[in-house]
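Colleague: Fold the following for me, if possible:
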Amino acid sequence: GAPLHLHAVEELLEVIDGTAEITCGDDRYVATANQSVLIPAGRLHGFCNVGEGALHVRATLAAPIFEASYESSTEVSRRWVPDGTL
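Modeller: As a prediction, this is how the structure comes out:
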């Protein structure tokens, strides 16, 4: 899963396999294979595996750079940056 965090852009979480509980703000959704949840920009969200098997989730962000702010930290995480942008 992913701990509670937010992005400055929208994110689409798509369950490829398994069962996920997706938290988005105060709402919780249970999603299974071929279901998606659109996370608005700036909304605190996360997900966890609530099924018996492995969970595979595809996360697509509307940005060329991955940045996230985590609930448990004031630090911004930058995990991937295209070549030559720093």
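Colleague: tell me the mean pLDDT over stretch 46-55?
Modeller: Stretch 46-55 shows a mean pLDDT of 96.
Colleague: Flag every buried residue along that stretch.
Modeller: By 16 or more other Cβ atoms under 10 Å, the buried positions in stretch 46-55 come out as Gly46, Phe47, Leu55. For the C-beta atoms, the positions are set from N, CA and C on the backbone; glycine is no exception.
Colleague: thought Gly42 was touching Ala8?
Modeller: Yes: assessed by Cβ atoms under 8 Å, Gly42 is found in contact with Ala8 at 6.8 Å.
Colleague: Let's have the buried residues of stretch 46-55 in a markdown table, adding secondary structure and distance to Ala31.
Modeller: Converted to a markdown table, these look like this (DSSP: H, G, I helix; E, B strand; the rest coil; distance: Cβ to Cβ, whole Å):
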| residue | secondary structure | distance to Ala31 |
| --- | --- | --- |
| Gly46 | strand | 13 |
| Phe47 | strand | 8 |
| Leu55 | coil | 10 |
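Colleague: Sketch out the low-pLDDT regions of the protein for me.
Modeller: 72-86 (pLDDT under 70).
Colleague: let's see 90
Modeller: Residue ranges of the chain with pLDDT under 90: 1-3, 5-6, 8, 62-86.
Colleague: Measure how buried the closest residue to Gly25 other than its chain neighbours is and give me the count.
Modeller: Closest residue to Gly25 apart from its sequence neighbours, by Cβ to Cβ, 6 or more residues apart in numbering: Arg43 at 5.2 Å. For Arg43, the neighbour count with other Cβ atoms under 10 Å is 16.
Colleague: from what I can see Arg43 touches Cys24, true?
Modeller: Yes: with contacts counted by Cβ under 8 Å, Arg43 reaches Cys24, the gap being 5.8 Å.
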